[in-house]
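J.: only geometry, no sequence info:
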């Protein structure tokens, strides 16, 4: 029997009632599968699996400074993933959150380089963050318009706009916004002090003294609560959920599909833009041509790993941030390639998708 014939000898049969406990436990099983594959990968690369797992998952949280870096990495990732969960629940495929993150950084920078130094810190910061959210939402509205006006699939348009955003970033930082005193480096001037997010240590949190952790972590927690309440309690949230679960029932109830698409994309884009604004006003303090953070693509994994639930997305974002920070430790401690992080994120996503498939379908041998 050929390989193709052997493969065709099996088929997928839908389960009449998928197991609830299996559905809830599948992300945990996916993490176990990823850990096993990571250990095997370390062994194949000539490193100790136990040392590799320790450097990947334990070393980053062994100190307050390490935990701060994980939280700092997880905050914009969480903001982006929470925004994507709104779109995905509405069955709208916003795959281009990366471009919306970049536009959020550009929007915040537009305020930062023009705001006077005399403006109060909270006023300037609020204006910059809102500008970032608005820029991300407006950027995401372009695919919404193309989808509702011409029927162009948003999966394609959101993804292609990422490359447009990257080119726009490059043009701004090498052209009109480039720092004239920056020795020809493609970057803007450093933001004024009133445009930089305050650190938690400056607000009296002595636990984080000497770390870079800023109030972005508070924004992430507040956003998770807001989106949970919005989707569960508000009429618009209810419409988005119904549109995603049962489009025909939504249309029969009189819910506008056009409104749902616009709302899903602009809300998710605004959260992604807000994440970009938090990043440039936080750890960077300026806009750089090489700033392509990758949060938009990683956030897709975080959203699905968290089952599109705001509370679980917080945990999944922490896990992915831990893997990203830990991969740097693996590179330094064991001399392994830096691509370990992206590889493990891909394995994690495939594990989630594969286990979800087995939750809803059973494998049957065809006769």
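T.: Nice, thanks for sending it over. Small disclaimer: the values here were computed from a predicted structure and weren't measured.

J.: Would you map the helices across this structure?
T.: All helices of the chain, identified by DSSP state H, fall at 3-8, 20-44, 49-53, 64-89, 97-112, 121-150, 154-174, 216-233, 235-245, 247-252, 257-279, 295-305, 310-334, 340-360.

J.: Can you tell me which of the ones you listed is most buried?
T.: helix 97-112 (a mean of 30; mean count of other Cβ atoms under 10 Å). The way it works is simple: take the backbone N, C-alpha and C, and place the C-beta from them, glycine included.

J.: which strands and helices sit next to that one?
T.: Contacts defined by 3 or more Cβ pairs under 8 Å, 6 or more residues apart in numbering; DSSP states H and E place helix 97-112 against helix 64-89, helix 121-150, helix 154-174, helix 257-279, helix 295-305.

J.: quick revisit: so for residue 198, which of the helices of the chain sits nearest?
T.: Among the helices of the chain, the nearest to residue 198 by Cβ to Cβ is helix 121-150 (7.8 Å).

J.: Give me the helices and strands touching the closest one, please.
T.: So helix 121-150, by 3+ Cβ pairs under 8 Å, 6+ apart, packs with helix 97-112, helix 154-174, helix 257-279.

J.: Could you give the average pLDDT over the shortest one?
T.: Confidence for helix 97-112, expressed as mean pLDDT, is 97.

J.: where does the stretch 251-367 of the chain have low pLDDT?
T.: In the predicted model, the stretch 251-367 of the chain carries pLDDT under 70 at residues 367.

J.: switch the cut-off to 90
T.: 251-257, 283, 290-294, 301, 304-305, 307, 319, 323-324, 326-367 (pLDDT under 90).

J.: possible to save the helices and strands packed on helix 121-150 as a markdown table with distance to residue 327?
T.: Converted to a markdown table, those look like this (distance: least, Cβ to Cβ, whole Å):
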| stretch | distance to residue 327 |
| --- | --- |
| helix 97-112 | 19 |
| helix 154-174 | 23 |
| helix 257-279 | 19 |
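
J.: ok, now how distant is the residue minimising distance to the centre of the chain from residue 320?
T.: By Cα atoms, centre = their mean, the chain has its centre lying nearest to residue 299, at 2.3 Å. Residue 299 is 9 Å from residue 320, where distance means Cβ to Cβ, to the nearest Å.

J.: repeat for residue 352
T.: From residue 352 to residue 320 the distance is 12 Å (Cβ to Cβ).

J.: among the helices of the chain, which is nearest residue 287?
T.: Closest to residue 287 of these, according to Cβ to Cβ: helix 97-112, at 4.2 Å.

J.: For residue 286, which of the helices and strands packed on helix 121-150 is the nearest?
T.: helix 97-112 (7.7 Å).

J.: Distance from the closest one to the middle of the chain?
T.: Put simply, helix 97-112 sits 15 Å off its chain's centre (Cα atoms, centre = their mean, to the nearest Å).

J.: what residue ranges in the stretch 101-250 of the chain are flagged as low confidence?
T.: The stretch 101-250 of the chain contains residues with pLDDT under 90 at 115-119, 121, 180-185, 193-194, 203-207, 243-250.

J.: Who are the contact partners of residue 81?
T.: By Cβ atoms under 8 Å, 6 or more residues apart in numbering, the contact set of residue 81 is 299, 300, 302, 303, 306, 313, 316, 317.

J.: try 10 Å
T.: Residues near residue 81 by Cβ atoms under 10 Å, 6 or more residues apart in numbering: 74, 88, 97, 220, 223-224, 268, 271-272, 275, 295-296, 298-306, 308, 310, 313-314, 316-317, 320.

J.: Return the distance of it relative to residue 275.
T.: According to Cβ to Cβ, residue 81 and residue 275 sit 9 Å apart.

J.: do residue 223 as well
T.: Using Cβ to Cβ, residue 223 is found at 9 Å from residue 275.

J.: Could you tell me which residues touch both of the two?
T.: 75, 78, 79, 81, 82, 83.

J.: Give me the pLDDT value at the third one.
T.: The model reports residue 79 with a pLDDT of 97.

J.: need the contact list for the closest residue to residue 273 other than its chain neighbours.
T.: Excluding the flanking residues, the one nearest residue 273 by Cβ to Cβ, 6 or more residues apart in numbering is residue 136, at 1.7 Å. The neighbours of residue 136, taking Cβ under 10 Å, 6+ apart as the test, are 80, 83, 97, 99-108, 165, 266-277.

J.: For the nearest residue to residue 343 once chain neighbours are set aside, list the residues it contacts.
T.: Spatial nearest neighbour of residue 343, excluding adjacent residues (Cβ to Cβ, 6+ apart): residue 41 at 7.4 Å. For residue 41, the contact set (Cβ under 10 Å, 6+ apart) comprises 47, 49, 52, 336, 340, 343, 344, 347.

J.: need those residues in a markdown table with distance to residue 365, can you?
T.: Below are the contacts of residue 41 laid out as a markdown table (distance: Cβ to Cβ, whole Å):
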| residue | distance to residue 365 |
| --- | --- |
| 47 | 40 |
| 49 | 35 |
| 52 | 38 |
| 336 | 40 |
| 340 | 37 |
| 343 | 33 |
| 344 | 33 |
| 347 | 28 |
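
J.: So which of those is the closest to residue 243?
T.: Taking Cβ to Cβ as the measure, residue 243 lies nearest residue 347 of these, at 32.0 Å.

J.: Hmm, the closest one is touching residue 37, no?
T.: Yes: assessed by Cβ atoms under 10 Å, residue 347 is found in contact with residue 37 at 5.3 Å.

J.: Tabulate the helices of the chain (TSV), appending distance to residue 192.
T.: As requested, these are exported to TSV (distance: least, Cβ to Cβ, whole Å):
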stretch	distance to residue 192
helix 3-8	62
helix 20-44	43
helix 49-53	43
helix 64-89	21
helix 97-112	7
helix 121-150	8
helix 154-174	18
helix 216-233	19
helix 235-245	37
helix 247-252	47
helix 257-279	15
helix 295-305	25
helix 310-334	28
helix 340-360	34
